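[1] when you get a sec, could you give me coordinates for this:
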Amino acid sequence: MAGNESSPHTAQISQPYQWALDSGVIAHRWKGKSNPPTAVLILQHGFGEYAARYFNGMVGFIQRLYDLGWEIWAIDAWGHGDSPGEPRSVINVHRAISDLTTLRERAAEAHPNAPIFLFGHSLGGLLAACSVTKTKSNLDGVILCSAALQKPSSWIRRLIVQPVAAVWGQKQMSWTREPLEGISRIESVVDCVKSDPRMFKGAISWRLAATALQAAETLWPWLPRWTLPTLVIHGTADRYTDPEQSRKFFQFISSRDKTLYLLEGGYHELHRDSCAAEFDDIVVNWLSAHLSKASS
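    Numbering: from 1, shown residues only. Coordinates of the predicted model:
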């Protein structure tokens with residue numbers, strides 16, 4: 001299956017049930033073909049995008065999990081997708097982590113006997129990882145894809161980023177804006193992003209930078225306590241996030257069940273890149289293997 005095509009042999013994904021968390025952000029729940037579900041995947045999208053992008057039939061691993069009876073939960077970060085908030089570049093990472101942790105709790109309450117896995121892409125990878133430091137309960141595994149695992153830089157945050165964020169928190173850091181061509185090697189995917197009015201195409205804000213660095217300072221010292229089954233996957237040609245940080249994260253966690261894939265030449269959105277078929281197989285096979293372990 002090509003990276004930007006849906007399979008003609010799969011069922012149409014149903015429309016999600018939506019509701020607002022106490023914080024105001026919108027949560028989504030895509031019910032699968034099985035009741036009760038085979039398992040639950042909690043998905044956290046990246047900066048500038050939104051959850052519904054994963055359910056348009058063009059993301060192979062989501063379609064395959066849906067066909068296998070998985071139920072998928074997701075939230076739109078503040079200012080993204082169907083959630084309120086402007087400007088969209090301003091995300092408080094600590095609040096976003098709290099929202100994701102709340103969604104995990106709701107999914108566990110709805111399906112107390114179902115295996116639950118967490119998937120985070122890009123900034124969503126940082127949010128997913130940080131949510132694990134809040135609680136490891138009710139999770140059977142974690143997948144971090146092209147994760148924005150910033151280096152802990154306390155002195156940069158304290159002396160530069162945090163003081164500026166306190167004054168100009170909503171102002172964008174223009175030099176952090178990367179060309180959209182770095183998203184995928186498939187031209188039609190890039191064209192789709194360019195024409196999508198719901199995609200935010202600006203740069204990150206000082207507030208996002210300050211809170212992300214602060215979250216990283218908490219995350220990295222905690223990694224020796226990380227014991228969950230974990231799949232880390234990154235493209236070696238990613239210009240948005242650093243694959244070397246994913247390699248270091250993999251080395252630092254103490255899990256005895258951990259797997260690292262660095263896809264040669266892969267761009268930022270591996271699930272929409274020319275290596276999408278390989279990526280989909282890696283994710284679905286890893287989840288299927290760990291579903292068997294969780295069920296037993």
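[2] residues in contact with Val88?
    For residue 88 the amino acid is Arg, not Val. Gly48, Gly79, His80, Phe200, Gly202 (CB atoms under 8 Å, 6 or more residues apart in numbering). Every C-beta, even on glycine, is put in place using the N, C-alpha and C of the backbone.
[3] out of these, what pair is the most spread apart?
    His80 and Gly202 (12.2 Å; CB to CB).
[4] list the residues that contact both of the two?
    Gly48, Arg88.
[5] out of the two, which sits in the more crowded spot?
    Using other CB atoms under 10 Å, the more surrounded residue of His80 and Gly202 is His80, with 24 against 15.
[6] from Trp19, how far out is the nearest residue to Phe117 once chain neighbours are set aside?
    Among residues not flanking Phe117 along the chain, Gly141 sits closest, at 4.8 Å (CB to CB, 6 or more residues apart in numbering). Distance, Gly141 to Trp19, using CB to CB, to the nearest Å: 26 Å.
[7] show me the strands in the stretch 1-150 of the chain, by range?
    17-20, 26-30, 40-44, 71-75, 116-121, 141-145 (DSSP state E, counting those that start in this stretch).
[8] no, scratch that, I was asking about the stretch 151-296 of the chain
    So, for the stretch 151-296 of the chain - with DSSP E, counting those that start in this stretch - the strands run 230-235, 258-263.
[9] among those strands, which is the most enclosed?
    Stretch with highest mean neighbour count among these: strand 230-235 (a mean of 26; mean count of other CB atoms under 10 Å).
[10] what's the distance between Ala212 and Arg157?
    9 Å.
[11] ok, Gly141 and Trp19, which is more surrounded?
    Gly141 (24 against 10).
[12] hang on, isn't the more buried one packed against Phe119?
    No: Gly141 lies out of contact with Phe119 (CB atoms under 8 Å); the separation is 9.4 Å.
[13] rewinding a little: and the residue nearest to Phe117, what does it touch?
    Phe117, Leu118, Leu228, Pro229, Thr230, Leu231, Trp286, Leu287, His290, Ala294.
[14] looking at Ala212 and Arg157, which is more packed in?
    Neighbours were counted for Ala212 and for Arg157 using other CB under 10 Å; Ala212 has more, 26 against 21.
[15] so how far is Ser274 from that one?
    29 Å.
[16] turn the strands of the stretch 1-150 of the chain into a markdown table, including mean pLDDT and distance to Trp206.
    Formatted as a markdown table, the strands of the stretch 1-150 of the chain follow (pLDDT from 0 to 100; distance: least, CB to CB, whole Å):
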| stretch | mean pLDDT | distance to Trp206 |
| --- | --- | --- |
| strand 17-20 | 94 | 27 |
| strand 26-30 | 95 | 25 |
| strand 40-44 | 98 | 22 |
| strand 71-75 | 96 | 24 |
| strand 116-121 | 98 | 23 |
| strand 141-145 | 98 | 25 |
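[17] fine by me, we can end here.
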